[in-house]
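Asks: no letters, just coordinates:
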C-alpha cells in the first residue's frame, strides 16, 4: 500500500506552526494592530467623509449595477465593475475605492501607511495597510451601500480596444459581491448577470491583445495555504478563467493610467526591463533540451500559452520562464518621462492604480490620473512626495516577499513533519548551484535538494530526512 501523502498540516504539528508563524512576525518586525491615533483618525474619517453625491459634489453613478469579484471572504474590496455589451463593442465602468478622500495628507493614517507600504498576507492573518474602519468598511466597495469611487469609463471596440477613456470621482452602489468560484460557475451555466457574462467576451479578447503586444501571463498553478478545521492545508490549482479575465480589467486600467501620466509628464510607473539577450538564448536552449522547443518566429508569450502545464517538462520550462523577467520597480517622474517606461512582462507602460486599500502607491496614481484626465493641476502634495515612493515600495515589496517565502516554507515543513524517512516522487524544475530545485508530485511542495544533479523535467525519488517547522527548512536526499 502506498504511503499516505500529507496534504493537511497534522494536528500534532499545528501548535508548533502557530508558534513559528508568530516568531516570523517578530523576526520581520511586523506591526501588530494600529496605533491609537491612527485608529481614531480612521473612525473619525469614516463618520465625517460624505458619500452623498450632492453633499460631496460628486457624480451620481448609483444607477449603474456594479459588482465585485474577489476571493471568498474578502472584505477589503478595491474594485467594482460594470460591463455592457454594445452593437459594436462594449462600455466598461471600473470603480476604484476612493481611499484618498479619507486620508488627511500628513495625518496619522498617512504616516502609518507610508511606513507599511502595502497590506501583507500571512497564513495566520493579514496585516492591513489601513485600519479596518476604512479598508473593510467605509472605503471598501461592499455591496448595498453608497461608496465613493474613482470611476474609469472605457468605450471599447469589437476587439475590446479602448476608443475613449475618462476618469471621474463619483458615488456608486455595488449590487453583488461574487467569489471567483461562484462567478465562474454562473458564467459557465449561462446564469450570470449580463455584466458578468460579458466578462468572458472581454477577457478572451484582451488576452488576444496581450499576445499582440508581446505580453505574457504565465498562469502558473499557485500554491495556496488554506485554513481548515485542523489548521492549514496546501492547495495547488491553476487560476480559474474568470480570474484571468478579471485581471485583464485591472491591466487595461493600469495601462490607461500610465498613458495619462506619460502624456501629462508626471506620475509613477511600475517598470520592468526587457529580458537580457543572453538569458533569452539560455532559456531557448533549455526548451530544446527539454523536448518542447521554442521555435524562432513564435513570440515568447505565444510559446508559453501552448504549454501543457501537466507535463513535467512544462513545469521546468515555466520555472525557468519566471526568472527571465527580473528587476521590477517603480519610476517616479515630473517633467521628463523615464528613459525606459516599459513593463516588459505586460508589453506596455503600466502603473499600479487599482488597489489603493492594499497598496500605498495607488493613492498617488489615482489622484494624479484624475487631475490629468480632467485637465487640472496635479496637487502639490503629490508632486512633492512622488520621489519618495519608489524607495518606500521597494522596502515594502522586500518585506512582503520575505514573508511570503518564509510562511510557505514553514507551512510546507509542517505538512511534511513526522514523515521523515518517507520517499516522495518529484519533478526536477532546474539546477541551482550545488543542487537542484524540485517540486514534489504530492503534496505540492517545492524545495532545493543539495547534491542532486538531475536533468530538468525528469522525475526523481527523494527521501525526506528532516523538516523543521521552526526554520522552514526541508532536507531531502536522492534514494539509492
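Replies: Perfect, thanks for sending it. Quick caveat, the model's predicted, so the values are computed rather than measured.
Asks: what lies in contact with stretch 421-439?
Replies: For stretch 421-439, the external contacting residues (Cβ atoms under 8 Å, 6 or more residues apart in numbering) are 3, 5, 312, 315-316, 319-320, 440-442, 445-464, 476, 479. C-beta here means a position set from N, CA and C on the backbone, and glycine is covered the same way.
Asks: please point out which parts of that stretch sit buried.
Replies: 424, 426, 427, 428, 429, 430, 435, 436, 437, 438, 439 (16 or more other Cβ atoms under 10 Å).
Asks: my guess is the second one is in a strand, correct?
Replies: Yes: inclusion of residue 426 in a strand is indicated when DSSP: H, G, I helix; E, B strand; the rest coil is applied.
Asks: which elements pack onto the longest helix along the chain?
Replies: Scanning the chain for the helix with the most residues, using DSSP state H, yields helix 389-416. On a contact count with 3 or more Cβ pairs under 8 Å, 6 or more residues apart in numbering; DSSP states H and E, helix 389-416 meets helix 11-27, strand 120-122, strand 222-228, strand 231-237, strand 329-334, helix 361-373, strand 459-467, strand 474-478.
Asks: contact partners of the last one?
Replies: So the one you mean is strand 474-478. Under Cβ under 8 Å, 6+ apart, the answer for strand 474-478 is 409, 412-413, 416, 424, 426, 438, 445, 447, 449, 451-452, 460-468.
Asks: for the longest one, same thing?
Replies: By Cβ under 8 Å, 6+ apart, the list of residues contacting helix 11-27 from outside reads 9, 32, 122-124, 230-232, 403, 406-407, 410-411, 414, 417-418, 469-470, 472.
Asks: re earlier: check the helices and strands packed on helix 389-416 for me and report the most buried one.
Replies: helix 361-373 (a mean of 24; mean count of other Cβ atoms under 10 Å).
Asks: now it: mean pLDDT?
Replies: Taken as a whole, helix 361-373 has an average pLDDT of 98.
Asks: what's the answer for stretch 92-100, then?
Replies: 98.
Asks: what do you get for stretch 468-479?
Replies: The predicted confidence, averaged over stretch 468-479, sits at 95.
Asks: tell me how far residue 377 lies from residue 370.
Replies: Distance of residue 377 to residue 370, given as Cβ to Cβ, to the nearest Å: 12 Å.
Asks: same question for residue 55.
Replies: 19 Å.
Asks: now swap in residue 129 and tell me
Replies: For residue 129, the distance to residue 370 - Cβ to Cβ - is 20 Å.
Asks: go on, residue 341?
Replies: Counting by Cβ to Cβ, the gap from residue 341 to residue 370 is 20 Å.
Asks: need the pLDDT of the spatially closest residue to residue 426 that is not a sequence neighbour.
Replies: Nearest residue to residue 426 in three dimensions, chain neighbours excluded: residue 438, at 4.1 Å (Cβ to Cβ, 6 or more residues apart in numbering). Per-residue confidence (pLDDT) for residue 438: 92.
Asks: before we move on, what about the one 3 residues further on?
Replies: At residue 441, the pLDDT value in this model is 84.
Asks: quick one, phi/psi of it?
Replies: phi -70, psi -40 (degrees, to the nearest 10).
Asks: contacting residues around it?
Replies: Residue 441 neighbours (Cβ under 8 Å, 6+ apart): 424, 425, 426, 427, 459.
Asks: pick the one among those residues closest to residue 170.
Replies: The shortest approach to residue 170 among the contacts of residue 441 belongs to residue 427, at 49.8 Å (Cβ to Cβ).
Asks: so what's the spatially closest residue to the closest one that is not a sequence neighbour up against?
Replies: Spatial nearest neighbour of residue 427, excluding adjacent residues (Cβ to Cβ, 6+ apart): residue 312 at 4.3 Å. Contact partners of residue 312, counting by Cβ under 8 Å, 6+ apart, are 427, 457, 458, 459.
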